[in-house]
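Enquirer: One predicted model, sequence on top.
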Number of protein chains: 2
Amino acid sequence: MGTYVMKFGGTSVATPERIQNVAKRVLQEVEVGNKVVVVVSAMGKTTDHLVEMANHVSTHPSKREMDVLLSTGEQVTTALLTMALHQLDVPAQSFTGWQAGMMTDDVASNARIEQIDCEKITTCLNEGKVAVVAGFQGIDHEGNITTLGRGGSDTTAVAIAAAIQAERCDIYTDVDGVYTSDPRFVPNARKLAELSYDEMLELAHLGAGVLHPRSVELAKNYQMPMSVRSSYEQVEGTVLKEEVQMEKDLVVRGVAFEGEIVRLTVYFSEAYMGSLANIFTTLAKHHINVDIIVQSIIPNASPTVSFSVKKEQLEETLNVLKEYKNTLGYDYIDHELELAKVSIVGSGMASNPGVAATMFDCLFRLGIPVKMVSTSEIKVSVVVPQEEMFKAANALHEQFELSKAAVAIEN
Amino acid sequence: MGTYVMKFGGTSVATPERIQNVAKRVLQEVEVGNKVVVVVSAMGKTTDHLVEMANHVSTHPSKREMDVLLSTGEQVTTALLTMALHQLDVPAQSFTGWQAGMMTDDVASNARIEQIDCEKITTCLNEGKVAVVAGFQGIDHEGNITTLGRGGSDTTAVAIAAAIQAERCDIYTDVDGVYTSDPRFVPNARKLAELSYDEMLELAHLGAGVLHPRSVELAKNYQMPMSVRSSYEQVEGTVLKEEVQMEKDLVVRGVAFEGEIVRLTVYFSEAYMGSLANIFTTLAKHHINVDIIVQSIIPNASPTVSFSVKKEQLEETLNVLKEYKNTLGYDYIDHELELAKVSIVGSGMASNPGVAATMFDCLFRLGIPVKMVSTSEIKVSVVVPQEEMFKAANALHEQFELSKAAVAIEN
């Protein structure tokens, strides 16, 4: 007996039938005497449909109103799941973000949770009821509805788990765990039994797409045990925790990849070198997520700085740079489309300096050009042509023998 | 220049295109310097779709959760209309029921507005913005989302108009005013230029369907001038106010009708006569709306009481009566389906005792049996077989010369 947070994503609640299945899954936890908070996303394509209507009435929908619009999606799911639980004689009550006491900052469409006043949820649990909470949403201090941005429901789930001091936060999704790479494109990928928060963070940031990075950061901050598991099958998923039993020599744990990357290069005349840093301050102020940055200062040549952004932010990035051209003092910009990022991740990498070299050698042998490189303690990322993305990912998966890893679970 | 409340119903906002048209209509009021609050319903079939999903996951959806579910419909419309207004460079902000300070009692699915804390709406108007408010919804004192029941958006509009002391509340709908009868079924029906609150109340209660009776009651209480007009055409609608310029001899102002009526008859043994009134107390406690009541106590015969309810409440009515059979002490019940109510309404009726007789005579000549009768100061209602409803309505419309009424406006 304990207190658990269960989170179900959009595909897991896409139809009334699936919502009924989720209710049955929740019933199992209730039957063994657990207190349960369920966090849900909007049903399947609901969000897409709402966005489509917004784009129909407006060329630039206000972010505040977009949040008012999109937050209805999760609210619908909470009501339907609560009804489905009642149908199974499970006492339950729904909560919108504001009813759940989810206080955020005032950054519309990309708000951060500041505080959770979880008194109402706690009361609900103590009354023996399941609390069904709308993910992805909150309110700011002015009472405006806010949303947490992409994958925000994962963050809601972990934040509530931390606030109510739950034993565990389980993310139920349409995959049954975290794999050494995306099994849809890397056929030899294998499921990992466990993973450290840091490794998951790198994988999440690198486009593995299973979990939202902010949720993993939050879990790490609060040392909240978290798992990723299947909504459909009763199989063990992948557990995230601080320290993972590492196999000797197992330096690389996964290969992540992500397409639709754009490289921008900004060319400066020498006189303006000092203002290089201003670019990233300016872009950050406009909520543009810059990923890899490469700066090149060659004596007697003009300095340049290259960086990557997601393709969906290219237009806004160019607009911002043009607007501030005088302040930033650059000469001109160019950009390259159709790129992808491929990364290897593993906590053991820090003490194995040869890993990056092995990666580059592998790609060189396949004739795959490396456009940019970025490294951290536990990952190496390269930017390559998008058409080479799957080939590179599969080759690196083989190179580091991930399909044979001893800690991997048989499918 | 003044402060107006404009309310647009579900068909007026059924598609993104129609929402854009509503935005244009609102712009006209803004352009002449008016402060505007817009109250909106859910888009077209949204509510039906949500109810369908609820019925899929639950045989008896909880009323609390139904309110959580349905209230999303209006919220979607507020966001989209606000975006459409922004697109026309009209400053605007959306409000859910709770954001608009709409405090209700805690009767889920059929809540009554207790108080409106309209500070946020007033601030919004004073900042030169249009306030776009979700109709039909509020919150109770525990912070639960409530809905106002059928036609609740009209009530929201009038309540806000009263709270902010607006000059007028205009209900924009898919008909262009209030007619002497429903023009879809009574071809000679004519639009009325004005109508008293009381006449409208009788018509609204009697199934004219244009306005929700509670909204008219509220308008009467606060003496709020109210109009019913077309969302699509720029034509004068029907104005509701306290005193209407009455034409001499114009005793009947309209003919209303409503199908799907059921008559129930409860048979008592003589010993229990005293408990007749208990039936209606018990039914009222279960929120069953009893309409016409006819009690018959004939010496030396068993007393009976007959009453009518809407067909949709028949099952619940029978359940309640069966549950309390011992307390109520009746012998048995029967009921008759396929009935309709046809009514004539007019403020001048009170001083014209011959009106009811003329009505009965007209129906008798057509061979239409009258099953029940109910009268008030300003209306006479009869219950007839449903198959005779349109025939009766048209005949009474002719009988009282409503198509020739001097105050009627030419279409």
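Expert: Received the coordinates, thanks.
Enquirer: can you give me the helices for the stretch 1-150 of chain A?
Expert: A:16-31, A:46-57, A:63-87, A:119-126 (DSSP state H, counting those that start in this stretch).
Enquirer: Give me whichever of these is most buried.
Expert: Using mean count of other C-beta atoms under 10 Å in any protein chain shown, the stretch among those with the greatest mean number of neighbours is helix A:63-87 (a mean of 26). C-beta here means a position set from N, CA and C on the backbone, and glycine is covered the same way.
Enquirer: Report the angle between that helix and helix A:16-31.
Expert: Angle of helix A:63-87 versus helix A:16-31, following axes from the mean of the first three to the mean of the last three C-alpha atoms, to 10 degrees, is 60 degrees.
Enquirer: Next up, the contacts around residue A:144.
Expert: Residue A:144 makes contact with A:64, A:67, A:106, A:108 under the criterion C-beta atoms under 8 Å, 6 or more residues apart in numbering or on different chains.
Enquirer: roughly how far apart are the third one and residue B:94?
Expert: When distances are taken as C-beta to C-beta, to the nearest Å, residue A:106 and residue B:94 turn out to be 16 Å apart.
Enquirer: Pick out whichever of the two has more residues nearby.
Expert: Set residue A:106 next to residue B:94 and count neighbours by other C-beta atoms under 10 Å in any protein chain shown: residue B:94 wins out with 33 against 14.
Enquirer: Just give the nearest non-adjacent residue to that one, would you?
Expert: Of all residues not flanking residue B:94 in the chain, residue B:78 sits nearest, at 3.8 Å (C-beta to C-beta, 6 or more residues apart in numbering or on different chains).
Enquirer: returning to that earlier point: distance to residue A:268 and pLDDT for the contacts of residue A:144 - can I get that in a markdown table?
Expert: Shown next, in a markdown table, are the contacts of residue A:144 (distance: C-beta to C-beta, whole Å; pLDDT from 0 to 100):
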| residue | distance to residue A:268 | pLDDT |
| --- | --- | --- |
| A:64 | 37 | 97 |
| A:67 | 38 | 97 |
| A:106 | 35 | 94 |
| A:108 | 34 | 93 |
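Enquirer: restrict the residues you listed to those near chain B?
Expert: residue A:64 (C-beta under 8 Å from any C-beta of the partner chain).
Enquirer: how about the contacts of residue A:144, which pair is most distant?
Expert: The two members of the contacts of residue A:144 with the most space between them (C-beta to C-beta) are A:67 and A:106, at 10.6 Å.
Enquirer: low-scoring stretches of chain A, by residue?
Expert: A:205-209, A:244-250, A:270-277, A:296-300, A:350-351, A:405-411 (pLDDT under 70).
Enquirer: quick one, domains of it?
Expert: Per the record, chain A has its domains at A:3-174, A:255-409, by automatic domain parsing.
Enquirer: Buried deepest among those, which one?
Expert: Most buried among the domains of chain A, given mean count of other C-beta under 10 Å as the contact rule, is domain A:3-174, at a mean of 22.
Enquirer: Next, the distance between the ends of it.
Expert: 23 Å (C-alpha to C-alpha, to the nearest Å).
Enquirer: returning to that earlier point: report the set of residues contacting both of residue A:67 and residue A:106.
Expert: A:144, A:146.
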